[in-house]
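J.: can't give you the sequence, but here's the structure:
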């Protein structure tokens, strides 16, 4: 885990802090960085905040503040951002089928919410923002992916327009399916097989990138410490064939039901067009801003060994060099069960 002295005596706000990533991130920084001045839990669900308060003993942990609010509410964000140094933006609507049938709700949270985050950050002189994204934002097919692509573009454009003049760093962290997170395929299959004694697969050839929550947390911490601003940081991750997962859980008790609205067969973390301005940092890829590629490239050369990414080659879950085999999947299921 990255140790970051920048977090000492800092005020940090996490949007979507009662979700899977948000809770894991908050617990990690509480454990690793006990000198943090304040952590603001910003979310719209009072029950989840109450449950998190019970889990994180408020009599022992004095730095936590619970702030009810929605990223759609600009005035509420402005209040919450007062005195904040670092923002981790994890709030989003993300269920693909729901986005297809409720498009403007996704637009209000994922796009207008992102713009509100940016404006509140500028008004309150926040120093660093790390926004979470998704593999569905690369060459998006569905409404959810399109809204997250637009959100990413807002953060990167704001860095170009306002970042340096306001001493503000804006970075996007993009990754794929998080194993065992709420709504992800592994717990869905396990629960489905427990109740129905079979699992449903939409397409036999489907693949997905898969990472653990702690890898996502580590990527965000790495970005807080190292990112220049204006880039997309991508943790390298193995792929998983969804049929292999289904067979490990349900053997032959599998029903093929056809693709859902907006669903891709294979996900992509770096598109072909993005590959031309992507670099390999070892544990991570970084998609650098095209207009200042040389400056960003030279910055990273000073802090990390850098290799050029293969130009013209997308990074997708089908052609990924690393896959989970069935033995790996069995270990993964044992780990989360």
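T.: Received the coordinates, thanks. Fair warning: this is a prediction, and the values are worked out from it, not measured in the lab.

J.: Enumerate every residue touching residue 214.
T.: By CB atoms under 8 Å, 6 or more residues apart in numbering, the contact set of residue 214 is 24, 28. No exception for glycine: its C-beta is placed from N, CA and C like everyone else's.

J.: now residue 205
T.: So residue 205 contacts 243, 265 (CB under 8 Å, 6+ apart).

J.: What's the local residue count around residue 217?
T.: Residues lying near residue 217 (other CB atoms under 10 Å) number 23.

J.: Surely it is in contact with residue 22?
T.: No. Look at residue 217 against residue 22 with CB atoms under 8 Å: they stay out of range, at 9.9 Å.

J.: any residues in contact with both of those two?
T.: Contacts common to residue 217 and residue 22, judged by CB under 8 Å, 6+ apart, are absent.

J.: mind checking the longest helix of this structure?
T.: helix 143-158 (DSSP state H).

J.: Tell me how far that helix lies from the chain's centre.
T.: 13 Å (CA atoms, centre = their mean, to the nearest Å).

J.: Can you give me the buried ones in that helix?
T.: 143-152, 154-156, 158 (16 or more other CB atoms under 10 Å).

J.: Need the residues that contact it.
T.: In contact with helix 143-158 (CB under 8 Å, 6+ apart) are residues 92-96, 99-100, 103, 106-107, 110-111, 113-115, 118, 122, 129, 131, 133-134, 136-138, 140, 170-172, 174, 230-232, 262, 289.

J.: Next step: those residues restricted to strands.
T.: Among those, DSSP state E puts 129, 131, 133, 134, 170, 171, 172, 174, 232 in strands.

J.: Tell me who's in contact with residue 337.
T.: Residue 337 neighbours (CB under 8 Å, 6+ apart): residue 190.

J.: Distance check, it against residue 23.
T.: 19 Å (CB to CB, to the nearest Å).

J.: for residue 135, same thing?
T.: 22 Å.

J.: Looking at those two, which has the bigger crowd around it?
T.: Ranked by neighbour count (other CB under 10 Å), residue 135 and residue 23 place residue 135 first, with 26 against 22.

J.: just checking, the more buried one touches residue 266?
T.: No. Look at residue 135 against residue 266 with CB under 8 Å: they stay out of range, at 9.7 Å.

J.: Between those two, which contacts overlap?
T.: Contacts common to residue 135 and residue 266, judged by CB under 8 Å, 6+ apart, are residue 317.

J.: what number of residues lie near the closest residue to residue 241 other than its chain neighbours?
T.: Of all residues not flanking residue 241 in the chain, residue 207 sits nearest, at 5.5 Å (CB to CB, 6 or more residues apart in numbering). Residue 207 has 22 neighbouring residues, counting by other CB under 10 Å.

J.: Adding neighbour count, write the ones in strands among the contacts of helix 143-158 out as JSON lines.
T.: Shown next, in JSON lines, are those (neighbours: other CB atoms under 10 Å):
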{"residue": "129", "neighbour count": "27"}
{"residue": "131", "neighbour count": "28"}
{"residue": "133", "neighbour count": "24"}
{"residue": "134", "neighbour count": "25"}
{"residue": "170", "neighbour count": "28"}
{"residue": "171", "neighbour count": "23"}
{"residue": "172", "neighbour count": "27"}
{"residue": "174", "neighbour count": "24"}
{"residue": "232", "neighbour count": "27"}
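
J.: Of these, which is the nearest to residue 226?
T.: residue 171 (9.3 Å; CB to CB).

J.: Bridge partners for the closest one, pull those for me.
T.: residue 130 (DSSP bridges).

J.: roughly how far apart are it and residue 144?
T.: Look at residue 171 and residue 144: by CB to CB, they are 21 Å apart.

J.: Please apply the same query to residue 9.
T.: 37 Å.

J.: What of residue 30?
T.: Taking CB to CB, one finds residue 30 at 30 Å from residue 144.

J.: cool, residue 45 as well?
T.: On the measure of CB to CB, residue 45 and residue 144 end up 20 Å apart.

J.: cool, and residue 284?
T.: Relative to residue 144, and taking CB to CB, residue 284 is found at 24 Å.

J.: Check residue 230 too.
T.: Per CB to CB, residue 230 is found 24 Å from residue 144.

J.: Point out where this structure drops to low pLDDT.
T.: Along the chain, segments meeting pLDDT under 70 span 1-5.

J.: one more time with 90
T.: Scanning the chain for pLDDT under 90 picks out the ranges 1-8, 34, 57-60, 164, 179-184, 260-261, 304, 308, 310-311, 332-337.

J.: Over to the residue located most distally from the centre of it: give its phi and psi.
T.: For the chain, the residue at maximal distance from the C-alpha centroid (CA atoms, centre = their mean) is residue 252, at 33.2 Å. Here is the backbone geometry of residue 252 (degrees, to the nearest 10): phi -100, psi 0.
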